[in-house]
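In: Have a look; sequence and predicted model below, questions after that.
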Amino acid sequence: NAGVTQTPKFRVLKTGQSMTLLCAQDMNHEYMYWYRQDPGMGLRLIHYSVGEGTTAKGEVPDGYNVSRLKKQNFLLGLESAAPSQTSVYFCASKTTTNEQFFGPGTRLTVL
Amino acid sequence: KNEVEQSPQNLTAQEGEFITINCSYSVGISALHWLQQHPGGGIVSLFMLSSGKKKHGRLIATINIQEKHSSLHITASHPRDSAVYICAVATNRDDKIIFGKGTRLHILP
């Protein structure tokens, strides 16, 4: 099993550009999450999904969109990137018994 | 007030010392997690607890459900234990995980 993978690992964008972060898991988990991690803030939930075809807003959803067309993939989109979205993004999946598995993270810089 | 509070925020200790990191929470939970993150690194799950105590090598995690408190202990600490330790709870009200802000641990050789 590859676990939870994220692509890309690093990305630099200019303000206004768009991009999509891909999270994939091969453990057949229903629950998937996108978090951002900023210094002094801890992990904050952006969006999450409780199953294929479902998505829900988390704590800091503004400026992001998500899709879960396939159970194994959870995509995070930035339509018009802003410097405030410079962060490290982590994807995670969770079992129904609350075991968590994190991806390796994506370091995004918006200039 | 944050629903998950950790203390201390930062901790520096000498190699070999016994380390304790505390986590208090104010919500009903179905499980509590202790996570480890090395500088610039990914997040690794150390323990998941719903009651009692778990031990893995030099690491011990305990939880008191009645007091809504958990501790992570490291015995015979080593410089490679230097990392950020994060407490997180799976609430019993929804499907979300709530994270503490982490404790930055630095073990001096």
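Out: Structure received.
In: Strands of the chain, start to end?
Out: No chain specified, so I'll use chain A. Taking DSSP state E to define them, one finds strands in chain A at A:4-7, A:10-13, A:19-25, A:31-38, A:42-49, A:56-57, A:65-67, A:73-78, A:87-94, A:100-102, A:106-110.
In: You answered for a different chain; I wanted chain B.
Out: B:4-7, B:10-14, B:19-25, B:29-37, B:43-49, B:52-56, B:59-64, B:69-74, B:83-91, B:97-99, B:103-108.
In: In CSV: those, plus mean neighbour count.
Out: Where C-beta positions appear, they are placed from N, C-alpha and C, glycine not excepted. Below are the strands of chain B laid out as CSV (neighbours: other CB atoms under 10 Å in any protein chain shown):
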stretch, mean neighbour count
strand B:4-7, 18
strand B:10-14, 13
strand B:19-25, 19
strand B:29-37, 22
strand B:43-49, 18
strand B:52-56, 12
strand B:59-64, 18
strand B:69-74, 20
strand B:83-91, 23
strand B:97-99, 23
strand B:103-108, 17
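In: Make JSON lines from these and add distance to A:Met19 to it.
Out: Output for the strands of chain B, formatted as JSON lines (distance: least, CB to CB, whole Å):
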{"stretch": "strand B:4-7", "distance to A:Met19": "31"}
{"stretch": "strand B:10-14", "distance to A:Met19": "34"}
{"stretch": "strand B:19-25", "distance to A:Met19": "35"}
{"stretch": "strand B:29-37", "distance to A:Met19": "24"}
{"stretch": "strand B:43-49", "distance to A:Met19": "22"}
{"stretch": "strand B:52-56", "distance to A:Met19": "38"}
{"stretch": "strand B:59-64", "distance to A:Met19": "38"}
{"stretch": "strand B:69-74", "distance to A:Met19": "36"}
{"stretch": "strand B:83-91", "distance to A:Met19": "27"}
{"stretch": "strand B:97-99", "distance to A:Met19": "25"}
{"stretch": "strand B:103-108", "distance to A:Met19": "30"}
